[in-house]
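Undergrad: Would you be able to build a 3D model of this:
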Amino acid sequence: MPPIVETAPHIRGRVFENDYLKPHFYRYLDAGSGWVAMPRPALARRSLDPGYFDGRPVDLTGITDDPETRALPGLGYEMIFDGAQCVRFGRDVLVNVANANHEHGFRWLQRMFPQFRLHRLDAIADSHIDSIVVPLRPGLLMLRSMRYRDMLPAPLREWDIVIPPEQDESVFPDYGPFGFRLTSRYIDINVLSIDENTVIVNSLCPDLMRTLEKQGLTVVPVRHRHRRLFGGGFHCFTLDTVRAGGFQDYFA
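TA: As a prediction, the model looks like this:
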């Protein structure tokens, strides 16, 4: 079995989120899997590189200037990296690198897993990419829009590409009283391929379900109303915890 890889989260409120998966991790460990954990970040004051957002209309002061967070002298930008910054295609893995924190994570992955071919995507997003690049089956890829195509490795540009229908803000619950939304309106692209013919899709997205059915896929609808509040879709929740496949070369 391939190893479990725990990554180093961006959000302080998610530092212990993986603990809920540990019953599964121990089951995989007992079945022969390896288990590797990226060094857990201190998430100290000024350890997060905000460079991706320079010149963008995004206010990060609530994160970077939190008065309850203390600095660690001499720390600098540390390794901060989420698993959803990666999408795996057999032995090939796309890795989004958008700042200095991700650079540390990318180098760690290179050193720890030389058996994989890691393909660096330079700032295709601020962090997660599984609502941008979604493999559906060998030769078929879903992209948020065609503008991302030229950012992909050359072999993927030859795959058939599905563009999902646009989601309007009106289809989501209003989280105004909470003061934030953890994900963009593209979160429903975050589907989970069970095998080459079957995909789990939010039942609240009938247009997306029809789009995928036209590709010959069997769609399994699962209701997920508060995906923006929980900050994830079906791929986020699972991150391909277990796969039957190995080191197939889909880019040959």
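
Undergrad: low-confidence ranges in the stretch 101-250 of the chain?
TA: Counting by pLDDT under 70, the stretch 101-250 of the chain contains low-confidence residues at 178-180, 241.

Undergrad: For it, which segments count as helices?
TA: Remark: helices of the stretch 101-250 of the chain, listed N- to C-terminal, are 154-157, 206-213, 227-230, 234-238; assignment by DSSP state H, counting those that start in this stretch.

Undergrad: closest one to R56 among those?
TA: helix 227-230 (19.7 Å; C-beta to C-beta). Just so you know, the C-beta spots here come from the backbone N, C-alpha and C atoms, and that holds for glycine as well.

Undergrad: how many neighbours does S47 have?
TA: Residues lying near S47 (other C-beta atoms under 10 Å) number 20.

Undergrad: Distance-wise, check the closest residue to F247 other than its chain neighbours relative to F116.
TA: Using C-beta to C-beta, 6 or more residues apart in numbering and skipping residues adjacent in sequence, the residue nearest F247 is R91, 4.1 Å away. As for R91, its distance to F116 is 6 Å (criterion: C-beta to C-beta, to the nearest Å).

Undergrad: Tell me who's in contact with the spatially most central residue of the chain.
TA: Taking C-alpha atoms, centre = their mean, the centroid of the chain lies closest to A84, which sits 2.0 Å from it. Applying C-beta atoms under 8 Å, 6 or more residues apart in numbering to A84 gives the contacts S127, H128, I129, D130, G232, H235, C236, L239.

Undergrad: wouldn't the third one be in contact with L94 here?
TA: Pointing back at I129 there. Yes. With contacts defined as C-beta atoms under 8 Å, I129 counts as touching L94 at a distance of 6.8 Å.

Undergrad: Are there residues contacting both of the two? Which ones?
TA: Common neighbours of I129 and L94 are listed as C86, V87, L121 (criterion: C-beta under 8 Å, 6+ apart).

Undergrad: Looking at those residues, which one is closest to M112?
TA: For the shared contacts of I129 and L94, the nearest to M112 is C86 (12.7 Å; C-beta to C-beta).

Undergrad: For the closest one, name its beta-bridge partners.
TA: Going by DSSP bridges, C86 is paired in beta bridges with V95.

Undergrad: what sits against it?
TA: Neighbour list for C86: V93, L94, V95, N96, L109, I129 [criterion: C-beta under 8 Å, 6+ apart].

Undergrad: what do you get if the cut-off is 10 Å, keeping everything else the same?
TA: With contacts taken as C-beta atoms under 10 Å, 6 or more residues apart in numbering, C86 has the following neighbours: 5, 7, 93-96, 105-106, 109, 116, 118-119, 121, 128-130, 239-240.

Undergrad: Equivalent analysis for A37, please.
TA: For A37, the residues meeting the contact criterion (C-beta under 10 Å, 6+ apart) are I4, V5, E6, T7, A8, N18, F25.

Undergrad: Pull the most distant pair out of those.
TA: Taking C-beta to C-beta as the measure, the contacts of A37 have their most distant pair in A8 and F25, spaced 16.1 Å apart.
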